[in-house]
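Chemist: Provided below for reference: sequence and predicted model.
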Amino acid sequence: MRIAARELLRRPGRFAIAGSALTLLVILLLLLGGLLDGLYLGSTGLYRQQESELVTYSATSRDSLLRSRIDADLRAVVDATDGVAATHGVGIALAGYRIEGEEGMGDAAVIGYEGAISGVPAPPPPGEAYADRRLAAAGVSLGDTLLLGPERVPLTVVGWVDDVAYLLQGGLLVEPDTWRRVLASARPDAALAPGAFQVLAVATDGDPAAVAAAIDAATGGATSTLTVDAAIAALPGVTEQATTFTQIITVTFVVAGLVVALFFAFVTVERTALYGVLKAIGASSGQIFAGLVLQALVVTAGAVVLGGLLTLGVAQIVPPGIPLLLEPARAGFVAAGMLVTAVAGGSVTLRRVIRIDPASAIG
Amino acid sequence: MPALEMTDVRKTYRSGDSEVVALDHASLTLGDDEILALVGPSGSGKTTLLSIAGGLLTPTEGSVVVGGEEISALDAKRLTRFRRERVGFVFQAVNLVPFLTARENLLVVAELGRRDGRAARRRADALLDELGLSDRAGSLPAQLSGGERQRVAIGRALMNEPALVLVDEPTSALDTKLGEQVMELITSEVKSRSTAAIIVTHDTRMTHYADRTIEITDGVLVA
Ligand SMILES: Nc1ncnc2c1ncn2[C@@H]1O[C@H](COP(=O)(O)OP(=O)(O)O)[C@@H](O)[C@H]1O
Ligand SMILES: [Mg+2]
């Protein structure tokens, strides 16, 4: 072990190629993970911040918020269902905006709500909005008036809120009537009557799954009620993105394992004579193997640190349109995954180390 | 108690279909502070005998007792421990760890036995001093001359206070004068510790350093 540590210190150049390859793979893993997290968190913010346990859609919407419609009569049925503690109407209009008196323009998700969104105050007065902080990155400032949709419905930004995006569009949280005006402007075909929402966030005081079934039974099948987690999974693209990225990330870990395995297999072959001598003077296979695994771990840990720092640098120059989000939890996952990969990759040398004949030192 | 007692040791190697007899019914007793020179032509079985005495090879037949311990039937793990604790090797090719200093090459032995402490460091320094290497202790093998490397190898062989030192052609890579110095150093170090040693050589001019000389031809010992 100590011999292996000294080799790392005295001959760091020997490990440079493997270290560089692993550093690049760490950067790739962090960027892939960061994109996945950015896509996921940016797509699901509005749902994740719901304080309620359930989301009720109209049955014909096939669990799409933008297609769903719940009018006041249907809502009354839901409200009257046993186990329903409270309902909060939610609606979204995806619309383009222009900043009044400025050049800037962009897209936003105008969210009509009645409350019960974590970190968001009660709805502001008509014509005002709390803006998702990601809109600040797109050039929106506090006090700006945004003109929404073809009819240029004016909304004044009166405060910032965090993490309430929907499908990567920054949220503009408004009271329900303001939202209906924007919806009528952006999508005249989908305009809704006063009192109607797209979905209901439902707080329960019982087993959420049982309450969900009770709601759909009470409405005679006119509604489809999902838990928040199921509603997130039903968001367009969310599950597909997660699966695709997870596969790429898995393959990248496998490649990292192969890099470690090949490099240390090569080191072992190159060191056969030396290991033969060490065995002749009393080193066990276990001691030699432990040294190799230690080297694999140290090289990989170095790659994790260097790759992490370089990724922070890369994140600075990524254009704002790319939903890259570097989360500490992701960094921890990549670090732990790489160290496990290092041990697994380094372990392929075991068979070779065991087979080295101490008599080769003298023959 | 004799340092080494080999009785009717036979070692054969398979090479393809044929069988090479490297050692044939070799019997040998070595006193506990005796230095034995083993001479013979190339391919006569010298290295094979040394390897068996030092637990690097197991004999095909026969018994090998080192310091009272029968080693011919030990498994690989026990042989590793035996080599670590009981014997010191000086190999023909010097084989120091290239990225460790002279002093660290000595301490490797102690680290492998998990006995690296102040005592081991003191012992390493004392050995380097005896071998005239005090001012080379921090040098890497590549910075040392051939003779200095050979002396470091001798120091490494003595680090674990072995009861039996096994030396394979220590002078073959050195010129005559240097070879004699190394031979003298080995014998004086071994003598001063009352340790037994077998020194293999094919150079009969070196045998006067030993207490006794045995010749080997085609795997057969001739007293
Ligand atoms: N690993 C081996 N496989 C097959 N034959 C071997 C092996 N090692 C040694 N021999 C043979 O055994 C004989 C004795 O070898 P060795 O002990 O190395 O002799 P020496 O050291 O006296 O030169 C030689 O004929 C050699 O070719
Ligand atoms: Mg030989």
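Modeler: Yep, it's here. Ligands and ions are numbered 1, 2, ... in the order given.
Chemist: C-alpha from now on. contacts and neighbour counts both.
Modeler: OK.
Chemist: mind checking the SS state of the residue of the stretch 101-250 of chain A found nearest chain B?
Modeler: In the stretch 101-250 of chain A, no residue comes nearer to chain B than A:T250, which is 37.0 Å away by CA to the nearest CA. Look at A:T250: counting by DSSP: H, G, I helix; E, B strand; the rest coil, its state is helix.
Chemist: how many residues are close by A:P328?
Modeler: The number of residues packed near A:P328 is 9, by other CA atoms under 10 Å in any protein chain shown.
Chemist: check the gap between it and A:T250 for me.
Modeler: Distance of A:P328 to A:T250, given as CA to CA, to the nearest Å: 19 Å.
Chemist: now do B:T213
Modeler: Applying CA to CA to B:T213 and A:T250 gives a distance of 66 Å.
Chemist: these two: which is more packed in?
Modeler: Neighbours around B:T213 and A:T250, counted as other CA under 10 Å, are more numerous at B:T213. The numbers are 20 against 14.
Chemist: now check stretch B:199-215, is it near chain A?
Modeler: No - residues of stretch B:199-215 are not located near chain A by CA under 8 Å from any CA of the partner chain, the shortest gap being 11.9 Å.
Chemist: residues contacting residue 121?
Modeler: Chain wasn't specified; assuming chain A. By CA atoms under 8 Å, 6 or more residues apart in numbering or on different chains, the contact set of A:P121 is A:G115.
Chemist: other chain: chain B
Modeler: B:L107.
Chemist: what kind of secondary structure is it in?
Modeler: Going by three-state DSSP: B:R121 is helix.
Chemist: excluding its backbone neighbours, what's nearest B:L4?
Modeler: In space, and not counting its chain neighbours, B:L4 is closest to B:V66: 4.6 Å by CA to CA, 6 or more residues apart in numbering or on different chains.
Chemist: and the one you found, how many neighbours?
Modeler: Neighbour tally, B:V66, other CA under 10 Å: 26.
Chemist: give me phi/psi at it?
Modeler: phi -120, psi 120 (degrees, to the nearest 10).
Chemist: give me the distance between the two termini of stretch A:44-56.
Modeler: 16 Å.
Chemist: now the element after the least confident helix or strand in chain A by mean pLDDT, going C-ward?
Modeler: Counting by mean pLDDT, DSSP states H and E, the weakest-scoring helix or strand in chain A turns out to be helix A:134-137, with a mean of 86. Later in the chain than helix A:134-137, the nearest helix or strand by DSSP states H and E is strand A:145-148.
Chemist: just the residues contacting that next one, thanks.
Modeler: A:95-100, A:153-157, A:182, A:186.
Chemist: can you show me the helices along the chain?
Modeler: Here I'm looking at chain A. A:2-10, A:16-48, A:72-80, A:134-137, A:176-186, A:208-218, A:228-233, A:238-270, A:272-280, A:285-317, A:328-346, A:349-355 (DSSP state H).
Chemist: um, chain B though
Modeler: Using DSSP H, helices in chain B cover B:46-53, B:76-86, B:102-112, B:118-130, B:146-158, B:176-192.
Chemist: same for the third one, what does it pack against?
Modeler: Spelled out, it's helix B:102-112. Helix B:102-112 makes packing contacts with helix B:118-130, helix B:146-158 when contacts are defined by 3 or more CA pairs under 8 Å, 6 or more residues apart in numbering or on different chains; DSSP states H and E.
Chemist: between that helix and helix A:285-317, how many degrees?
Modeler: Helix B:102-112 and helix A:285-317 are oriented at 110 degrees to each other (axes from the mean of the first three to the mean of the last three CA atoms, to 10 degrees).
Chemist: I'd like the distance from helix B:102-112 to the chain centre, please.
Modeler: 17 Å (CA atoms, centre = their mean, to the nearest Å).
Chemist: check which residues of it are buried.
Modeler: For helix B:102-112, a neighbour-count test (16 or more other CA atoms under 10 Å in any protein chain shown) marks B:102-112 as buried.
Chemist: per-residue pLDDT of the residue nearest the centre of chain B, please?
Modeler: Central residue of chain B (CA atoms, centre = their mean): B:L166, 1.9 Å from the mean position. Reading off the confidence values, B:L166 has pLDDT 96.
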